[in-house]
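Asker: build me a structure from this.
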Amino acid sequence: AHSISIQHNSCFPQQHTSTQAWRARQKAMDLAFGKDSESFARLPAFIDDVKATNPGTRGGVETTPDGVFVSAELALGCTQAAWAQTMALGKAVFMIDAAHLRTRHKGVVFTLTTLDSNGHVLPLAWGLYGGETKESWKAFLTFAKETFAIGTTVECTGLTDRPPGLDQTWVEVFGGCAHTVHHLACAQHVRKNVQQKWGKKAANQVPRLARCATETDYDNVIKSIKPAAAATYLANLKTVLVDAFLPKGCVRLGNYTTNASESVNWWLNDARGVNPVGFFDMARQKLGQKWAERQGTLGSLATAAPTPHAAKAIQSNVCNAAATCTVSPQGNGVFEVLRKTARGQERVAVTLLPGGGAECGCIAATLNGVPCVHIAAVCRSKALPCAAFVHASHTAGHFRLQYSVGPLPLAKAEWEVDPDVKAPAFKKGKGRPKAKRLQKKGKPVVCGHCGKAEGHNSRTCPNPPAAPPTPAGPAPATPAGSTPAPSQSGSAPAPSTTKTPPAVRGQAQVAKRKAAAEAASTSKNKKAKTAKKGAFQPLGATVTKERHTQSGAGRVAFECG
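Answerer: Coordinates of the predicted model:
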């Protein structure tokens, strides 16, 4: 609203305040997307329209027995088909995050996302709930499990910011699946937490930890992290930050260090400021725009060729292999690769399989789906194409399969109001809604002096810091005719504890200011006289000086000596 008022006031003579701009914006939003109270009642008709035009779409609206809105979920049929192609080749990694809405009724939207074969963010489903609670997490996880068959055919890995209580909810939802559904921490959220506590230098090590292929690599990175508190914190996250030693055959290139969830939240930043129907409609439209853009991304690229995302990783490994690796053939398709690293030299065995493919002792190629630096070194020494060792999930053919079915336009422009669905109650606050999150209630206030959370701060601390000692100065002069007070046991007289009257203090301050002003004036006069005399000349310099006499002025040249 503030930016709207500034732009309006700069273009038109009639001036408006931010409050007036905010009210005008709300009126325009109501005209474009309908009133918020009616939007909740239009959701059932909107979801039915999406189901009728997009086959395979799943979703619905849940209400209380009195008809008050509780939640709504939506997953298009095209996203379910893309996820099925993803799971078919073992790249079953998904991300879930929650973002707050900026509407009158508030609320939280949950987003289920993944990465496609080219490293693009691919939204799968959305859920609208009243808040980020244990019940809302359980409802959305259950919807995602039933809609996308998570944990039924292959092992899966889910990344979240791991809010308190989610581990128990995760076990309740995915505990009985035929295949394990691992729950890991999002590396980007961990990185932000580390940066806030210990700085950017320690936070930059979090992506390295998330890309580790073995526990030994993880421990080696931990040893290089400072301060020790950050290293201890990240060492305790070993089992929740990476799963290189948990799921087998899970292709994870770029999945564990991605910021996909936050990217989708920012991608839908405008939609989070409109009513429920407007949010789902804008999300569907933006998804269709991205779908159309990506269908023509690869052009005439061969089906078996790696995607640009995988080709970039391969090129990086090839350059690294050329600079750091030495290959020694051992026979029967076995090669010994000696690589120089920052920690010293490492020796790894690489085996070229007869039917195609390669195996490396570092298992990074198995995890990421692209040739590691050791396989790239062998391919370079044998003049073999690295593209032949790329996993099928990173090929152009698989990318086209993921986007083969796209979203379709809706049949209606407006949707009927369901009288049985009521908007949730809300309390209108003063001013416009806050765009930023407020501090959680009940968070203890920690004193900046003593470090205790006892309900006080550094200003009202009961144990304030001791005052610095007064520097010892010269003893005051004794007035003439007066006798100093005798001291006991030859010691110095004790300082007087009586307070100086305010009038006396004021006179002393005035005298002090006068003395400072006189000193500044004297110093200024000295500087002025020095400037008139001129700059000091070095020895041996020839100076021309004017000497005025009664008969006239003459110039005399002499040497400073």
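
Asker: only C-alpha atoms for contact and neighbour calcs from this point on.
Answerer: OK.

Asker: ok, which stretches of the stretch 251-400 of the chain are strands?
Answerer: 325-331, 334-341, 344-352, 358-360 (DSSP state E, counting those that start in this stretch).

Asker: partners of the first one in the sheet?
Answerer: Which is strand 325-331. strand 334-341 (antiparallel) (DSSP bridges).

Asker: contact partners of the partner strand?
Answerer: Residues from elsewhere that reach strand 334-341 (Cα atoms under 8 Å, 6 or more residues apart in numbering): 324-330, 345-352, 374, 377-378.

Asker: recalculate using a threshold of 10 Å.
Answerer: By Cα atoms under 10 Å, 6 or more residues apart in numbering, the residues outside strand 334-341 that reach it are 320-321, 323-330, 345-353, 358-360, 373-375, 377-378.

Asker: look up the pLDDT of the most centrally placed residue in the chain for me, please.
Answerer: Nearest to the mean C-alpha position of the chain, counting by Cα atoms, centre = their mean, stands Lys192 at 5.3 Å. Looking at Lys192, its pLDDT reads 86.

Asker: residue contacts, it?
Answerer: Neighbours of Lys192 in contact, by Cα under 10 Å, 6+ apart: 199-200, 203-204, 206.

Asker: same check on Glu132?
Answerer: Counted by Cα under 10 Å, 6+ apart, Glu132 has contacts 98-100, 107-110, 163.

Asker: any of the contacts of Lys192 buried? List them.
Answerer: Those of the contacts of Lys192 that meet the buried threshold are 199, 203, 206, by 16 or more other Cα atoms under 10 Å.

Asker: turn these into a markdown table, including pLDDT.
Answerer: Shown next, in a markdown table, are the buried ones among the contacts of Lys192 (pLDDT from 0 to 100):
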| residue | pLDDT |
| --- | --- |
| Gly199 | 88 |
| Ala203 | 89 |
| Val206 | 87 |
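
Asker: quick one: which of these is nearest Asn463?
Answerer: Among these, Gly199 lies closest to Asn463 (Cα to Cα), at 30.4 Å.

Asker: what sits up against the helix or strand containing Ile4?
Answerer: Using DSSP states H and E, Ile4 falls within helix 2-11. Residues from elsewhere that reach helix 2-11 (Cα under 10 Å, 6+ apart): 1, 14-22, 24-25.

Asker: of all the residues in the helix or strand where the residue nearest to the centre of the chain lies, which ones are buried?
Answerer: Here Lys192, judged by DSSP H and E, is contained in helix 187-198. The neighbour-count check on helix 187-198 (16+ other Cα under 10 Å) flags 187-191, 194-195 as buried.

Asker: so which of those comes closest to Asn236?
Answerer: Taking the buried residues of helix 187-198 together and measuring to Asn236 by Cα to Cα, the closest member is Val190, at 12.1 Å.

Asker: residues contacting the closest one?
Answerer: 161-162, 203, 206-207, 234, 237, 241.

Asker: now do the contacts for Val181.
Answerer: 92-93, 150-152, 154-158, 170-171, 173-175, 247.

Asker: tell me the pLDDT of it.
Answerer: The model's pLDDT for Val181 equals 87.

Asker: quick check: it vs Thr239, distance?
Answerer: 14 Å (Cα to Cα, to the nearest Å).

Asker: relative to the whole chain's centre, how far out is the helix holding Ile4?
Answerer: The chain centroid and the centroid of helix 2-11 are separated by 31 Å under Cα atoms, centre = their mean, to the nearest Å.

Asker: same check on stretch 115-127?
Answerer: That offset, for stretch 115-127, works out to 19 Å (Cα atoms, centre = their mean).
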